[in-house]
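Enquirer: Predicted model follows, preceded by the sequence.
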2 protein chains.
Amino acid sequence: VPTVGIIGGGQLARMTAPAAIALGVRLRVLAADPDDSAAQVVVDAPVGDYRDAAAVTAFAQGCDVVTFDHEHVPMPLLEDLVAGGAVVRPRPQALRLAQDKAAMRACLTSLDVPCPRWATVRDKAELAGFAAEAGWPVVLKTPRGGYDGKGVLVAENPDDAAAWLARAGQPGGTGLLLAEERVAFEQELAVLIARSPSGQAAAWPVVQTVQVDGICREVTAPAPGLDPGLAAEATRIGLRIAGELDVVGVLAVEMFQTAAGPDGAPGDAGGRVLVNELAMRPHNSGHWGMDGAVTAQFEQHLRAVLDYPLGETSLTAPAVAMANVLGGRSSADGGSAMGIDERVHHLFAADPGAKVHLYGKQVRPGRKIGHVTVLGEDMTSVRARASAAARWLRDGVGE
Amino acid sequence: VPTVGIIGGGQLARMTAPAAIALGVRLRVLAADPDDSAAQVVVDAPVGDYRDAAAVTAFAQGCDVVTFDHEHVPMPLLEDLVAGGAVVRPRPQALRLAQDKAAMRACLTSLDVPCPRWATVRDKAELAGFAAEAGWPVVLKTPRGGYDGKGVLVAENPDDAAAWLARAGQPGGTGLLLAEERVAFEQELAVLIARSPSGQAAAWPVVQTVQVDGICREVTAPAPGLDPGLAAEATRIGLRIAGELDVVGVLAVEMFQTAAGPDGAPGDAGGRVLVNELAMRPHNSGHWGMDGAVTAQFEQHLRAVLDYPLGETSLTAPAVAMANVLGGRSSADGGSAMGIDERVHHLFAADPGAKVHLYGKQVRPGRKIGHVTVLGEDMTSVRARASAAARWLRDGVGE
């Protein structure tokens, strides 16, 4: 029986545990804290710092393959791990592009993958130069470490960016920022791909994601009303990136769907699908598959990193909606005094078909503490139910 | 967050772990051995003897509710546990009927629930008396401790039963055996019910079970070709038993469907559905629901014993088939030398849609070591696929 090690003890590692239990695969998690989401439910969960070479090396011993709950492990450490004989999937050369958004943009552009206009900028003059071409506002991103809207600034003018540019230029700073055109999109899409070391790849149906303040709030599968040609193009782009970058495991490609260009053709010069972000691990945009796909992303990630043949990715219902549960206000701050257990009771009474997934995390306002999935025949209905369920769990009250 | 304690560390407790992870419920398992199926995957799994009052009492402390992976915990111990303030679900008065088949028959008969003809017998004369009415062969059962065909003897004549009767009559023996008419059935059915302390009950669709040598081999949901009136009658019987016995948690009622009586009406004097066995816990006949029902029996059992509102029980596909994976012959005995991991590889290559559930158990010929579920549109097809998948995992070869 193989042992899969996951560096990082967050909810992605936690949700991998049921898949490992079913497959009879041993799971090992390197947690930052014994109370981490995954450490609560995984028997073999040593605590250690993912930036500490000794801790990571010790962790990797006894693992048949090492993979990730997050992309923050320092690159030199991963390279040493591989040099020492560990099997690391995805391999560091690929993971580098998920760690560094500027490197990712350069790589995708070299592959002619459609992206928003972008440049790296070090000061106001470079930023102004980029904006002269791409227009204001400009989306500024720190190349490393951002998540859930953190590390992203929408700058309306050069002054908005002053503090970020100064911070980047300080000793220990990233030196540069990534500047991107703000895309006027019709909707946001995500393509999830799994790829194995032997090169087999499987794609789930393209989904729509709805973000609020940079945080994913809802995912609907399949993306409602998406033109089949555009869905095929998005899938082709995802498969191409997975192959060219030699990704192993789950790859999430977040995309903007823009209005058609002048001639209206998908993939025309104006672009219809532009790649926004990449993640080389299970991703929030794939949580719906735990209930709504024949093979969930967590099982598929295990299959991929173990080089098992990949599983079927079709939907188990015509319409699947996932809504994230964010932490609500505390009772001291005007929020409900109802505990999470009582909220679950109320929700189950209101909607016996809602599938609840909680992450065992302390509630903090805006923090992702779980998600809810609803399956059905009609997207409008399942989306409303998923959204109402997530609101119940957040606020402790219905509509 | 509530803590649910399960006495027993077998595959039923193991398969409850994913449901507890999703619901954010703490799980505690009393395992007989640190290598038990559930102890491999549950963080809080103390080792202790379920027959030892001190071990069970210590285990129950810190549990909000105590429930079961098996029905073998001694009744006086459970009664003391309840007297000491523990919340035990199902309660001992109900569980007694799952422990003692003779008590179960007497209770069901007092409720006018249709059963095969039965009697308790202590010697050859009593057995012969019963057979004079019910005919040979007679099905003899030890009232306690049987499972998977163990504890069941089909006696063609009084001499066949001699050794069993002698053993029952010895000091420490059960004193008596349960004699039952051998029913000429059309098919075997199972009705699964979940019931909560507040009296809410939910039934899954009636399923067909296929047993070979007393061991469940396949389950198909819904039971193919079952008359809707008969399905409703079977469900009514299941719900009535759950209510009358005040069962809390999952109740599995195994039934024989017999040929119609002279007037052909369901439920007529000749009987169309006869109750065979009861289990008051998740049951093999409900494993299909992990992939094939909106709410699986393991989640539902947690919801029931915690008095959460119960979940939707509908199918997620028109046809669902589950096949048990039994341990095959060892390579020393002419079986395949292929390990389980390699068998899984082959199976996934052959059928990317097969859902595999392994129990982490050592392979012994005939032992249940996992199951496979397949969903689809057509029962003949999914049943063939599930059966072929289970054969692959058992024998390491295809057809």
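Expert: That came in fine, so what should we check first?

Enquirer: Can you pull out the low-pLDDT segments for chain A?
Expert: Low-confidence segments of chain A, defined by pLDDT under 70: A:260-271, A:399.

Enquirer: Would you quantify the distance from the residue nearest the centre of chain A to A:A155?
Expert: Centroid-nearest residue in chain A, with Cα atoms, centre = their mean: A:H283, separated by 3.4 Å. Separation of A:H283 from A:A155 (Cβ to Cβ, to the nearest Å): 27 Å. C-beta coordinates here come from the backbone N, C-alpha and C atoms, glycine included.

Enquirer: With A:P224 instead?
Expert: Using Cβ to Cβ, we find A:P224 at a distance of 32 Å from A:A155.

Enquirer: returning to that earlier point: angles on the backbone of the residue nearest to the centre of chain A, please.
Expert: Per-residue torsions, A:H283: phi -140, psi 150 (degrees, to the nearest 10).

Enquirer: Run a quick neighbour tally on the closest residue to A:S331 other than its chain neighbours.
Expert: The shortest distance from A:S331 to any non-neighbouring residue, by Cβ to Cβ, 6 or more residues apart in numbering or on different chains, is to A:A337 (4.1 Å). Taking other Cβ atoms under 10 Å in any protein chain shown as the criterion, the count of residues near A:A337 is 9.

Enquirer: So A:A337 sits against A:G328, correct?
Expert: No - between A:A337 and A:G328 there is no contact under Cβ atoms under 8 Å: 11.2 Å.

Enquirer: Which of A:P224 and A:A155 has more residues huddled nearby?
Expert: Legend: neighbour count by other Cβ under 10 Å for A:P224 and A:A155, higher for A:A155 (21 against 14).

Enquirer: Quick one: residues contacting the closest residue to the more buried one other than its chain neighbours.
Expert: The shortest distance from A:A155 to any non-neighbouring residue, by Cβ to Cβ, 6+ apart, is to A:A161 (4.3 Å). Applying Cβ atoms under 8 Å, 6 or more residues apart in numbering or on different chains to A:A161 gives the contacts A:K124, A:L127, A:V138, A:L140, A:L153, A:A155, A:L177.

Enquirer: Highest neighbour count among these?
Expert: Neighbour counts for the contacts of A:A161, by other Cβ under 10 Å, peak at A:L177, which reaches 30 neighbours.

Enquirer: from memory it sits against A:A166, does it?
Expert: No - counting by Cβ under 8 Å, A:L177 sits too far from A:A166 to count as a contact (10.8 Å).

Enquirer: which parts of whichever strand or helix holds A:L81 are buried?
Expert: In the assignment (DSSP states H and E), A:L81 maps to helix A:75-83. Within helix A:75-83, the residues that count as buried by 16 or more other Cβ atoms under 10 Å in any protein chain shown are A:L77, A:L78, A:L81.

Enquirer: picking that back up, and the contacts of A:A161, which two are the farthest apart?
Expert: Spanning the widest gap among the contacts of A:A161 are A:K124 and A:L153, at 13.8 Å by Cβ to Cβ.

Enquirer: So stretch A:273-283, near chain B or not?
Expert: No - judged by Cβ under 8 Å from any Cβ of the partner chain, stretch A:273-283 makes no contact with chain B; its nearest approach is 14.8 Å.

Enquirer: What lies in contact with the helix or strand A:V275 falls within?
Expert: Per DSSP H and E, A:V275 falls inside strand A:273-279. By Cβ under 8 Å, 6+ apart, the surrounding residues in contact with strand A:273-279 are A:71, A:97-98, A:101, A:104, A:108, A:113-116, A:183, A:185, A:188-189, A:230, A:233-234, A:237, A:241, A:251-258, A:266-267.

Enquirer: Could you pull up the residues touching A:C63?
Expert: By Cβ under 8 Å, 6+ apart, the contact set of A:C63 is A:T3, A:V4, A:G5, A:R28, A:A86, A:V87.

Enquirer: Return the subset of the residues you listed lying in strands.
Expert: Members of these lying in strands (criterion: DSSP state E): A:T3, A:V4, A:G5, A:R28.

Enquirer: follow-up on the earlier one: and the gap between the residue nearest to the centre of chain A and A:V305?
Expert: Applying Cβ to Cβ to A:H283 and A:V305 gives a distance of 15 Å.

Enquirer: do A:P365 as well
Expert: Using Cβ to Cβ, A:P365 is found at 35 Å from A:V305.

Enquirer: Which one's more surrounded, these two?
Expert: The residue with more neighbours, out of A:P365 and A:V305, is A:V305; 28 against 12, by other Cβ under 10 Å.

Enquirer: any idea which helix or strand comes after the helix or strand where A:E180 lies?
Expert: Under the criterion DSSP H and E, the helix or strand holding A:E180 is strand A:177-181. Scanning forward in sequence from strand A:177-181 by DSSP H and E, the next helix or strand is strand A:185-195.

Enquirer: List the neighbouring strands of that next one plus their orientation.
Expert: Taking DSSP bridges as the criterion, strand A:185-195 sits next to strand A:201-203 (antiparallel), strand A:207-212 (antiparallel), strand A:249-258 (antiparallel) in its sheet.

Enquirer: Compute the inter-axis angle for the strand holding A:E180 and strand A:273-279.
Expert: For strand A:177-181 against strand A:273-279, the angle by axes from the mean of the first three to the mean of the last three Cα atoms, to 10 degrees is 150 degrees.

Enquirer: if we can go back for a sec, quick check: which of the strands paired with strand A:185-195 is buried the most?
Expert: strand A:249-258 (a mean of 25; mean count of other Cβ atoms under 10 Å in any protein chain shown).

Enquirer: What distance do you get for A:V183 to chain B?
Expert: For A:V183, the distance to chain B equals 35 Å [Cβ to the nearest Cβ, to the nearest Å].

Enquirer: Oh, that last question was meant for A:Q257, not what I typed.
Expert: Counting by Cβ to the nearest Cβ, the gap from A:Q257 to chain B is 29 Å.

Enquirer: just A:F185 next, same as before
Expert: Per Cβ to the nearest Cβ, A:F185 is found 33 Å from chain B.

Enquirer: ok, how many other residues are close to that residue?
Expert: Other residues near A:F185 number 16, with proximity taken as other Cβ under 10 Å.

Enquirer: Any idea what it is bridged to?
Expert: When bridges are called by DSSP bridges, A:F185 pairs up with A:T258.
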